[in-house]
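A.B. asks: next come a sequence and a model predicted from it.
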Amino acid sequence: MPIEPGDRVAMEYVGRFEDGSVFNTSRYEVALEHGLADAQERDESAYRPLSFVVGAQEIIDGLDEAVVGMTVGENATVTVPPEDGYGAFDAERVREYDPDVFESMVGDEPEVGVHVHAENGLHGDVTAVTDDVVEVDFNHELAGKTLVFDIEIVAVE
């Protein structure tokens, strides 16, 4: 039976950028191949099919809409533009802070790559540090990117 809104779906996926580089997957072997998993740890439990209710806004719109009408065992390649994924990159969500103010707010010295949890619920990453300014990007890390997913429907409830 074709998938309809309200169905619970389990889906294997490989997420790529337009250049073909893999940024996420439900498949352990793919994660190993692309450096997303550590072969030494062999934590395969972190890689399993994505389960979600179609139409319940549990995943990005582009994937949610793409599975409607598919059936168990069906494969597809889905291209998701930013507006159906994580939104456009918004320059206003990149904020600058005085290094001393940043350190007093966060409790850590500013360093590129530090993940910040703001009191207003926003999450961001430090993208630049100078003597005068700490730049924090509060956009989602995939904002502004077109994403390509290879998906396989493995179960429908």
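C.D. replies: Perfect, thanks for sending it.
A.B. asks: which elements pack onto the host helix or strand of residue 152?
C.D. replies: For residue 152, the host element (DSSP states H and E) is strand 147-156. On a contact count with 3 or more CB pairs under 8 Å, 6 or more residues apart in numbering; DSSP states H and E, strand 147-156 meets strand 8-17, helix 61-66, strand 75-80. In short, each C-beta sits where N, CA and C put it, glycine included.
A.B. asks: which parts of that strand are buried?
C.D. replies: By 16 or more other CB atoms under 10 Å, the buried positions in strand 147-156 come out as 147-154, 156.
A.B. asks: for residue 123, name its beta-bridge partners.
C.D. replies: For residue 123, the beta-bridge partners under DSSP bridges are residue 117.
A.B. asks: roughly how far does it sit from residue 37?
C.D. replies: 23 Å (CB to CB, to the nearest Å).
A.B. asks: who has more neighbours out of these two?
C.D. replies: residue 37 (20 against 13; other CB atoms under 10 Å).
A.B. asks: let's verify the nearest residue in space to the more buried one that is not next to it in sequence: helix, strand, or coil?
C.D. replies: If you skip the residues right next to it in sequence, residue 37 has residue 31 as its closest partner in space, 3.7 Å away by CB to CB, 6 or more residues apart in numbering. The local conformation at residue 31, judged by DSSP: H, G, I helix; E, B strand; the rest coil, is helix.
A.B. asks: per-residue pLDDT, residue 31?
C.D. replies: If you check residue 31, the pLDDT there is 93.
A.B. asks: what is the neighbour count of residue 146?
C.D. replies: 15.
A.B. asks: pretty sure it sits against residue 80.
C.D. replies: Yes: applying CB atoms under 8 Å as the test, residue 146 and residue 80 come out as touching, 6.9 Å apart.
A.B. asks: which residues does the residue most central in space within the chain contact?
C.D. replies: When CA atoms, centre = their mean is applied to the chain, the residue found nearest the centroid is residue 142 (6.1 Å). For residue 142, the contacting residues are 23, 85-86, by CB atoms under 8 Å, 6 or more residues apart in numbering.
A.B. asks: that one and residue 90: what is the separation?
C.D. replies: 13 Å.
A.B. asks: now swap in residue 77 and tell me
C.D. replies: Taking CB to CB, one finds residue 77 at 28 Å from residue 90.
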